[in-house]
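Trainee: with the input below, show me the fold.
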Amino acid sequence: MLSGVDVFSDVIGSIRAGRPAFCRTSGSGAWGRSFDDFTGAGFHVLLRGACWLLLPGRTPLALSPGDVVLLPHGTRHGLSERPDRPLADLPRETSLPSGAVLRPEVPIDPAVAHADMVCGAYELVLRPLHPFLRALPDVVHVPARAGRHPALRAAVDLLAADVADALPGADAAVPALIDLVVIYALRAWLQDEAERAAGAAGWWAALADPAIAEALQHVHREFSRKWTVQELGEAVGLSRTAFTRRFTSMVGQPPLVYLTNWRLGRAAQLLRETDDPLALVARQVGYGSEFAFANAFRRAFGVSPGRFRRVP
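Mentor: The predicted model follows:
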């Protein structure tokens, strides 16, 4: 097994762009908010109290203190103190710009609020590309069950303390704690899913399979290399046919499709985070010419690399 490459962390770090936009909010009395569809991944962390998550055409979901809800596909939804309120009747919550921090104008009194929570969203870079995202359901709900996921509960408690006290350094600490809560929530959900569907294919199974996990590490560490399926299979001790079948079944994409999409996702990061010329970006992600890179990027993202870099 290769060392130094944590594929799960690599994926999480690559699919999101920048800091989360978030706000601390509360509800008391007859309250509710609706959130329209959006291009990103939303989240809600219930710090205190209770409320209901409302989704079109679905049974309302009861939320308790410490619960974490992720909406990986930006699905329309609402929050309310009652499960029977029509989503269309709830006031719409306006979206926050990327990285924004919104604090309540009036300090939140936990003794009065029926629900105290942190809500927000991430901009996603690899939305159309990475199979991990596509494998996630519209709603990932991780309840705060006693003793089930102690690391997640500890992270939620730290987040609650930091947003409540507004201590020096909170502007740096709270986004980092949100990142931690989201990672722990995804890890907890994947572990639960693996237990519920023991032996089934899927992303968690891919990470747990020694050969496929090693292949993913090769791709993530050496994505600019001109890999062939034969070479990847040999690197993990499998025949070309056996490797292709197992990789595709578990990861959800054939090996070279995954490699191409991972390269383009890394290119998207470089375009947003650096001023490197397009020719250099192309070489860094394994393309021999800027023209071939631009064509592949346009097919994946629907825009040219230059336009992607200019338009946030």
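Trainee: after the longest strand along the chain, which helix or strand is next? Please name it.
Mentor: The longest strand of the chain (DSSP state E) is strand 16-27. Downstream of strand 16-27, the first helix or strand assigned by DSSP states H and E is strand 32-35.
Trainee: what does that following strand contact?
Mentor: 25, 27, 42, 54, 76-82, 85, 87-93 (Cβ atoms under 8 Å, 6 or more residues apart in numbering). Just so you know, the C-beta spots here come from the backbone N, C-alpha and C atoms, and that holds for glycine as well.
Trainee: now do the same for L55: its pLDDT.
Mentor: Listed pLDDT for L55 reads 92.
Trainee: G306 now?
Mentor: 92.
Trainee: and it, what does it touch?
Mentor: L278.
Trainee: doesn't it belong to a helix?
Mentor: Yes: counting by DSSP: H, G, I helix; E, B strand; the rest coil, G306 falls inside a helix.
Trainee: how close does it get to S80?
Mentor: 44 Å (Cβ to Cβ, to the nearest Å).
Trainee: for D116, same thing?
Mentor: Taken as Cβ to Cβ, the span from D116 to S80 is 15 Å.
Trainee: count of neighbours near the residue nearest to P143 when sequence neighbours are not counted?
Mentor: Using Cβ to Cβ, 6 or more residues apart in numbering and skipping residues adjacent in sequence, the residue nearest P143 is D67, 5.4 Å away. When counting by other Cβ atoms under 10 Å, one arrives at 23 neighbours for D67.
Trainee: next, the buried residues of the longest strand of the chain.
Mentor: Neighbour-count burial for strand 16-27, with 16 or more other Cβ atoms under 10 Å as criterion, is recorded at 16-17, 19-27.
Trainee: off-centre distance for it?
Mentor: Between the centre of strand 16-27 and the centre of its chain there are 13 Å (Cα atoms, centre = their mean, to the nearest Å).
Trainee: tell me the least confident of the buried residues of strand 16-27?
Mentor: Within the buried residues of strand 16-27, A17 has the lowest pLDDT, namely 65.
Trainee: and the angle for the longest helix along the chain with strand 16-27?
Mentor: Criterion DSSP state H: the longest helix present in the chain is helix 170-196. Angle, helix 170-196 to strand 16-27, by axes from the mean of the first three to the mean of the last three Cα atoms, to 10 degrees: 100 degrees.
Trainee: and the average pLDDT for helix 170-196 is what?
Mentor: So the average pLDDT for helix 170-196 ends up being 85.
Trainee: could you list the low-confidence segments of this protein?
Mentor: The model of the chain has pLDDT under 70 over residues 1-5, 17-18, 94-113, 125-129, 146-147, 166, 197-201, 312.
Trainee: which residue ranges of it form strands?
Mentor: 16-27, 32-35, 41-49, 51-54, 61-63, 68-71, 77-80, 101-102, 115-124, 140-142.
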